[in-house]
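Enquirer: any chance you could fold what I've pasted below:
(one chain, ligands or ions: 1)
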Amino acid sequence: MTVSLRTLDDGAWVSLDDERRAGASELWYVAGVCGCPVADLVVEGITDVAVDGRTVAAETYGTCIRCGASVTTGPVPVGRLVGAGFEPLAAGAVRTPGGGGDNRK
Ligand SMILES: [Zn+2]
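Expert: Okay, the predicted model is just below:
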């Protein structure tokens, strides 16, 4: 199976097979990127996307609306590949940069 994975609109979106799947203006809960235990991160842009096994991860930047910090994240999961499709991470999931036990660059 081959999927086309890239960023769209100058990094505003993660695109899989030319469908916008995740990105700008979404609110993500991300652990360990600012002073908060879990940031309320409003995603402003995607700087990189990658697939690690079945996990699709994106490096992002945005603002924690809890503390106001501008943050960048390492690769955080946005969803996973299931069969020929894509299953987005649950909206309330807490994302951990570099999570999944694999920090390959
Ligand atoms: Zn914060």
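Enquirer: how about the residues of the chain by the ion?
Expert: Residues of the chain lying close to the ion by Cβ under 5 Å from the ion are 34, 36, 39, 64, 66-67. C-beta coordinates here come from the backbone N, C-alpha and C atoms, glycine included.
Enquirer: buried among those? Make that a ChimeraX selection.
Expert: Listed next is the ChimeraX selection for buried residues among these, using 16 or more other Cβ atoms under 10 Å:
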select :34,36,39,64
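Enquirer: which of the residues of the chain next to the ion lies closest to Gly85?
Expert: Nearest to Gly85 out of those is Ala39 (Cβ to Cβ; 28.8 Å).
Enquirer: which non-adjacent residue is nearest the closest one?
Expert: Nearest non-adjacent residue to Ala39, counting by Cβ to Cβ, 6 or more residues apart in numbering: Cys64, 4.0 Å away.
Enquirer: likewise for Pro75?
Expert: That would be Ala57: by Cβ to Cβ, 6+ apart, it lies 3.7 Å from Pro75.
Enquirer: tell me which element that neighbour is part of?
Expert: Taking DSSP states H and E as the definition, one finds Ala57 inside strand 55-64.
Enquirer: state the mean pLDDT of that strand.
Expert: The predicted model assigns strand 55-64 a mean pLDDT of 95.
Enquirer: partner strands of that strand, parallel or antiparallel?
Expert: Its sheet considered, strand 55-64 pairs with strand 38-52 (antiparallel), strand 70-72 (antiparallel), strand 76-82 (antiparallel) by DSSP bridges.
Enquirer: tabulate those strands in CSV, adding columns for mean pLDDT.
Expert: Formatted as CSV, the strands paired with strand 55-64 follow (pLDDT from 0 to 100):
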stretch, mean pLDDT
strand 38-52, 94
strand 70-72, 96
strand 76-82, 93
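Enquirer: mind putting those strands into CSV with distance to Ala22?
Expert: Formatted as CSV, the strands paired with strand 55-64 follow (distance: least, Cβ to Cβ, whole Å):
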stretch, distance to Ala22
strand 38-52, 8
strand 70-72, 16
strand 76-82, 4
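Enquirer: much appreciated, bye for now.
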